[in-house]
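Colleague: Kindly return the folded structure for what I paste below:
(one chain, ligands or ions: 1)
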Amino acid sequence: MNHLLSQQPIKTDSSNWFASNTMTERFPNIVDAVVRANPAFPSRIKRRLQELSRGMQENSRIPPLTDPAFDKDQWDLLWRPFRGQRWQETQWFFAETWAYRLLLEACDYFSTLKDPFAPLKEEELQRGDAFWPILAAAEARTTGGAPGTTGDELLQALYLSLWGNRADLSFSGGAALDAAGAGQGHLVLREEQRALEHLLSLKGTPGEQATPGREVHLVMDNTGSELAGDMVLCLALQRLLGVSLVLHLKLYPTYVSDTTVADLARFLEVAALHPRQEVRTCAAAFASALEEGTLRLAPDDFWCQPRFLDDAPPRIGEALEGAGLVIFKGDLNYRRVFHDTLWSPETPLEEAAGRKPGTPWLFLRTIKSDCLAGVSRERCQILQEEDPRWRTSGAWGLLQVF
Ligand SMILES: O=P(O)(O)OC[C@@]1(O)O[C@H](CO)[C@@H](O)[C@@H]1O
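Modeller: A predicted model of the protein is given here:
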């Protein structure tokens, strides 16, 4: 395992192969996928994208933003500490997020609002395999015989949401991963009882008004099959616990497939016309919850920025602290909470996060990068022997309570 254990955020240099490979190969491959997916791009946009790619591969200095945009001042401040640094010798969490913001600039996103990743996301929707979590949940209800306990149903929904995270277009270089969810055997950690205790403590009495203290906040990740799994989870939480939900989404496109409000609307549009009734029913129920206001959307550009969670503005921090439970989806949000650092795996979560939240946090993540905390050294050694790539392959999941 070529990891230098350090208390600093992972760097894109030779100290971390996966982070370094992101800048030299994986991100340039994503740029190529975006150019292929947008054949109508004018040559000046293609040129800017190729310059971005080449700069990374040639380890150039990280350029600032150049075009005017509503958020340029903020990004200039975020870039300043890294001024003069090179793509392959800097902080990975910053470099990767900055690269996606430069990609949007190269594609004229902020003057056209045309999502350069839209064709890639649409392809997954049109292929139909984005809806497997909804069909799996419906099938379990029909073939599972007598409905299980509330806890069983909640766990099934949690795992459908967790394994939906495998289909992450930024991870697979633009191609959707296979739709099959990995087995529950591939779990690094499964703190199911603690998760259920927190969830069941939120259960209201029939007709009880939902209050912020009983609200579940979901910090979303990818659209497509991950969004399908998240919809199953949201509807299960509402049906079984009577809670209201707030979904925190990206304000604009980033990381190829991270969900925006436009992505969610498009997903519902396609799902409403899906040949399977179960998919149409799920989409209709989700749309009704939005209409009734028991499920609210909170898009924010904080989630698009290279800022760790303890640097969140009050509008985010206060919202999460006032929730009954916060569910963080996916790998990037995990990295954001735990400072994208190579902790010694048994490091307590409070130490890695630099805080103890005032409300329970639940992480549903397929592990695609090295940042990890709160897992015993013994467990990591067993995993390393079983699958040396367990930290970055996306094949292993984690259900962890903070
Ligand atoms: O947040 P997700 O979609 O689960 O994973 C996104 C991500 O963490 O996966 C890749 C591998 O770590 C990174 O390039 C990227 O930040």
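Colleague: And the pLDDT for Gln209?
Modeller: On pLDDT, Gln209 comes in at 73.
Colleague: same deal with Gly204?
Modeller: We have a pLDDT of 81 for Gly204.
Colleague: what do you get for Phe338?
Modeller: Listed pLDDT for Phe338 reads 97.
Colleague: what about the nearest residue in space to it that is not next to it in sequence, how many neighbours?
Modeller: Once flanking residues are discounted, Phe338 sits nearest to Ala352: 4.3 Å by CB to CB, 6 or more residues apart in numbering. Backbone N, C-alpha and C define where each C-beta goes, glycine included. Other residues lying near Ala352 total 21 when counted by other CB atoms under 10 Å.
Colleague: Now do the contacts for Leu383.
Modeller: Neighbour list for Leu383: 188, 390, 396 [criterion: CB atoms under 8 Å, 6 or more residues apart in numbering].
Colleague: so which strand or helix has it?
Modeller: Per DSSP states H and E, Leu383 falls inside helix 377-386.
Colleague: looking only at pLDDT, what's the mean for that helix?
Modeller: Per-residue scores along helix 377-386 average to 95.
Colleague: Toward the C-terminus from it, list the very next helix or strand.
Modeller: Proceeding N to C from helix 377-386, the next assigned helix or strand is strand 397-401, under DSSP H and E.
Colleague: That next one pairs with which strands, and in what direction?
Modeller: Partners of strand 397-401 in the sheet, by DSSP bridges, are strand 187-190 (parallel), strand 361-366 (antiparallel).
Colleague: Enumerate the positions of the shortest one that are buried.
Modeller: Looking back up the chat, that one is strand 187-190. The neighbour-count check on strand 187-190 (16 or more other CB atoms under 10 Å) flags 187-190 as buried.
Colleague: Now for those: which two are most distant?
Modeller: The largest separation in the buried residues of strand 187-190, counting by CB to CB, is between Val188 and Arg190 at 8.3 Å.
Colleague: Mind giving me the packing neighbours of the helix or strand where Ala319 lies?
Modeller: Ala319 belongs to helix 314-321 when elements are defined using DSSP H and E. Under the contact definition 3 or more CB pairs under 8 Å, 6 or more residues apart in numbering; DSSP states H and E, helix 314-321 sits against strand 245-250, strand 295-300.
Colleague: The ligand contacts on the chain?
Modeller: Applying CB under 6 Å from any ligand atom, we find that the chain lies next to the ligand at 22, 96, 165, 168, 170-171, 221-222, 255, 330-332, 335, 368-369.
Colleague: In helices, which of these fall?
Modeller: Counting by DSSP state H, the part of those found in helices is 96, 330-332, 335.
Colleague: Could you give me the buried positions within the helix or strand of the chain with the lowest mean pLDDT?
Modeller: When each helix and strand of the chain is scored by mean pLDDT, DSSP states H and E, helix 132-143 comes last, with a mean of 86. Within helix 132-143, the residues that count as buried by 16+ other CB under 10 Å are 132-138, 140.
Colleague: which of those sit farthest apart?
Modeller: Largest separation among these by CB to CB: Trp132 and Ala140, giving 12.2 Å.
Colleague: Which single one of the contacts of Leu383 is nearest to the ligand?
Modeller: Nearest to the ligand out of those is Trp396 (CB to the nearest ligand atom; 12.3 Å).
Colleague: Enumerate every residue touching that closest one.
Modeller: Contacts of Trp396 (CB under 8 Å, 6+ apart): 182, 186-188, 366-367, 383, 387, 390.
Colleague: mind listing what the residue nearest the centre of the chain touches?
Modeller: Among the residues of the chain, the one closest to the centroid is Asp221, at 2.7 Å (CA atoms, centre = their mean). Asp221 is in contact with 165, 168, 258-259, 329-333, counting by CB under 8 Å, 6+ apart.
Colleague: one more time with 10 Å, if that's ok
Modeller: Going by CB atoms under 10 Å, 6 or more residues apart in numbering, Asp221 touches 161, 164-165, 168, 170, 227, 230, 249-250, 255, 257-259, 303, 328-334, 364-366.
Colleague: isn't Ala118 right up against Ala37?
Modeller: Yes - with contacts counted by CB atoms under 10 Å, Ala118 reaches Ala37, the gap being 8.3 Å.
Colleague: Name the residues of stretch 150-157 that come out as buried.
Modeller: Buried-residue list, stretch 150-157, by 16+ other CB under 10 Å: 150-151, 153-157.
Colleague: outside of it, which residues touch it?
Modeller: Stretch 150-157 is contacted by residues 133, 136-137, 140-141, 144, 147-149, 184, 190, 192-193, 195-197, 199-200, 203, 229-237, 239-241, 399 when judged by CB under 10 Å, 6+ apart.
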